[in-house]
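1. From the sequence below, what's the structure:
(one chain, ligands or ions: 2)
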Amino acid sequence: MTDFKSQMERLKRDNERLWLVLEASRMGLWDWDMTTGQVDVDDHWIEMLGLDHDQVRPFSIEKFMMMCHPADVDKVNKAIEDHAKFESDFYQVEIRLKGAQDQWFWIKSTGKIVKRSDDGEPLRMSGVHEDVSTLVRERIRGDIARSQLEAAQRLGGLGSWYLDLATDKVTWSEELFRMQGLTPDKEPPPASTHHQLFSPESWERLSKALTETIAHGTPYELELEMFNNGSFHGWMLARGEAIRSPEGAIVGVLGVALDITQRKTRETELRKKALLDPLSQLGNRTAFEISLAQTIKQANQSGSSFALIMLDIDHFKEINDQHGHDVGDRALVQVAERLRATLRGDDQIFRIGGDEFVVVLANPMPKEKLGEIAARLVLAFRTPILQLKKPLVATISAGLVSWNGREDSHDLLKRADEALYRAKSAGRNQLASDDL
Ligand code: GH3
Ligand code: MG
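-> Numbers count the residues shown, from 1 in each chain. Ligands and ions are numbered 1, 2, ... in the order given. All right, here's what the predicted structure looks like:
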């Protein structure tokens, strides 16, 4: 008797405990008699969906299926079937159920077949319902935000990355993979091969900037040349800044990268155009000034010398006057051609004014060789450059100077001009030089 009493008390205690657990977890209970289709649900189950007790009781599996969102019915049936066929240890689905005022709730339903017939037919299944609407909606919102961000990055050609200094782990956005010419589903390249994604010069600047950001929190902005498989891949504008903990410690680096290949290509083309003489396709005066400054700098550094030949067509005004400006233009193009044909590939030729050209002989060479080149140039113009009604000859005068190892471009050009003037004064169609 006492045994029976204590057993009853223990049962009561277990029952109470179960109730408390369910109460605390805010889960609803269901119990499905699979032979009759009858489903018992507890008060939590009903209240979770905001329903009245008499709307639900008596309840059946058919009624449950009617409450299920049409798009989720197959998912429920499949999960039950899999579990019934022992293909899963328990039944679990995340589905939409229609509650009070036709409102949809996201419910996580977890259950298990608790009774089977001797030949394995499922007879009874019980489980719990949990309202996960808030969680799922947040997840969906997060998914939408993430895909919006990804689309924005893709459309804007903007990639991003984050380096977590605690783990040294780097994460990349999809667009960054694409920008670097890599497949988005792969892991970011390991630190040991990261340098292969940039030109050596760009990598040097980037790694220096990154070291500064990690050590001192200094932000950076760099234009970098991207490489892929060892060759140029495009241009990237990279910005990075340190991420700090509330206490101010640097915990990571956040970077964004913008694909600026189009802009850089346009800029390069414009710069090229700005330096090119459209008529002769030779470098113009600006190109010459830049090149001369560089040549002087290099010669200074290497302790070598170079020479310069200033050339001007003789009586070019007469060609224009006699044959017209168009013929004058054709003559200028032919002069450029002849200069190219007479000189070596690494000598630089510019058209720096109307009928004025200049040649930079950057490779140091003995005086005799210089004189020979200059003479060859003058000689080359004694044969006609254009075949009009009569062959058109346009001779040139030239002044040659060797850099004296000290002078700047202004002084060097002045000497070259003076030499040219002497050639003109001496009757044209010849070369003058103090340095030969
Ligand atoms: P000199 O022997 O003293 O050099 O006499 P020149 O007639 O050649 O005189 P100069 O070099 O001072 O004049 C060059 C002329 O070239 C002046 C201008 O009419 C002409 N010219 C300048 N630019 C162009 C051009 O783009 N096309 C043509 N057809 N003629 C030009
Ligand atoms: Mg002239």
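
2. which residues sit against the least confident helix or strand in the chain by mean pLDDT?
-> Counting by mean pLDDT, DSSP states H and E, the weakest-scoring helix or strand in the chain turns out to be helix 2-25, with a mean of 82. By CB atoms under 8 Å, 6 or more residues apart in numbering, the surrounding residues in contact with helix 2-25 are Gly28, Leu29, Asp42, His44, Val128, Glu130. Every C-beta, even on glycine, is put in place using the N, C-alpha and C of the backbone.

3. Farthest-apart pair in these, please.
-> Greatest spatial distance among the contacts of helix 2-25 (CB to CB): Asp42 and Glu130, at 13.2 Å.

4. Please identify which of the contacts of helix 2-25 is nearest to ligand 2.
-> Glu130 (94.2 Å; CB to the ion).

5. Let me know how buried that closest one is, in neighbour terms.
-> Glu130 has 18 neighbours, counted by other CB atoms under 10 Å.

6. circling back to that earlier point, now list whatever residues contact both of Asp42 and Glu130.
-> Common neighbours of Asp42 and Glu130 (CB under 8 Å, 6+ apart) are Gly28.

7. and which of the contacts of helix 2-25 is nearest His53?
-> Nearest to His53 out of the contacts of helix 2-25 is Asp42 (CB to CB; 10.5 Å).

8. buried residues in stretch 411-427?
-> The neighbour-count check on stretch 411-427 (16 or more other CB atoms under 10 Å) flags Leu412, Leu413, Arg415, Ala416, Ala419, Leu420, Arg422, Ala423, Lys424 as buried.

9. where's the third one relative to Thr295, distance?
-> If I follow you right, that is Arg415. 15 Å (CB to CB, to the nearest Å).

10. Ok, the fifth one next?
-> When CB to CB is applied, the distance between Ala419 and Thr295 equals 18 Å.

11. just the first one next, same as before
-> Taking CB to CB as the measure, Leu412 falls 10 Å from Thr295.

12. Now the nearest residue to Arg244 once chain neighbours are set aside: phi and psi?
-> With CB to CB, 6 or more residues apart in numbering as the criterion, Arg244 has its nearest non-adjacent residue at 5.8 Å, and that residue is Ile250. With angles defined as degrees, to the nearest 10, Ile250 sits at phi -80, psi 120.

13. helix/strand/coil for Ala331?
-> Using DSSP: H, G, I helix; E, B strand; the rest coil, the structure places Ala331 in helix.

14. helix or strand for the residue of the stretch 101-250 of the chain found nearest ligand 2, which one?
-> Nearest residue of the stretch 101-250 of the chain to ligand 2: Phe232, at 42.4 Å (CB to the ion). Per DSSP states H and E: Phe232 is located in strand 231-244.

15. Can you tell me which helices and strands that strand packs against?
-> Where contact means 3 or more CB pairs under 8 Å, 6 or more residues apart in numbering; DSSP states H and E, strand 231-244 is packed against helix 200-216, strand 220-228, strand 250-259, helix 261-274.

16. I'd like the distance from the least confident helix or strand of the chain to the chain centre, please.
-> The gap between the average C-alpha position of helix 2-25 and the chain average comes to 64 Å, counting by CA atoms, centre = their mean, to the nearest Å.

17. could you dump it to CSV, C-alpha only?
-> Extracted as CSV, the C-alpha positions of helix 2-25 are listed here (Å, rounded to 0.1, in the frame of the first residue of the first chain):
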residue,chain,number,x,y,z
THR,A,2,2.8,2.4,1.0
ASP,A,3,4.6,1.3,-2.1
PHE,A,4,1.7,2.1,-4.3
LYS,A,5,1.4,5.5,-2.5
SER,A,6,5.1,6.4,-2.9
GLN,A,7,4.9,5.3,-6.5
MET,A,8,1.9,7.6,-7.1
GLU,A,9,3.8,10.4,-5.4
ARG,A,10,6.8,10.0,-7.6
LEU,A,11,4.6,9.9,-10.7
LYS,A,12,2.9,13.1,-9.5
ARG,A,13,6.3,14.7,-8.9
ASP,A,14,7.6,13.7,-12.4
ASN,A,15,4.5,15.0,-13.9
GLU,A,16,4.9,18.3,-12.1
ARG,A,17,8.5,18.5,-13.2
LEU,A,18,7.6,17.8,-16.8
TRP,A,19,4.9,20.5,-16.6
LEU,A,20,7.4,23.0,-15.2
VAL,A,21,9.9,22.3,-17.9
LEU,A,22,7.3,22.7,-20.6
GLU,A,23,6.1,25.9,-18.9
ALA,A,24,9.6,27.3,-18.8
SER,A,25,10.5,26.3,-22.3
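
18. Next secondary structure after that helix?
-> Helix 2-25 is succeeded, C-terminally, by strand 28-33 (DSSP H and E).

19. Run through who's touching that next one.
-> If you take CB under 8 Å, 6+ apart as the criterion, strand 28-33 is touched by 22, 38-42, 44-48, 61, 109, 111, 123-130.

20. Recalculate using a threshold of 10 Å.
-> With contact meaning CB atoms under 10 Å, 6 or more residues apart in numbering, strand 28-33 is reached by 18-19, 22, 38-49, 59-61, 64, 80, 107, 109, 111, 113-115, 122-131.

21. Just the buried ones out of those, please.
-> Among the contacts of strand 28-33, the ones that count as buried by 16+ other CB under 10 Å are 22, 39, 41-42, 44-49, 59, 61, 64, 80, 107, 109, 111, 113, 122, 125-131.

22. Among the residues you listed, name the ones in strands.
-> Those of the buried ones among the contacts of strand 28-33 mapping onto strands are 39, 41, 59, 107, 109, 111, 113, 122, 125-131, per DSSP state E.
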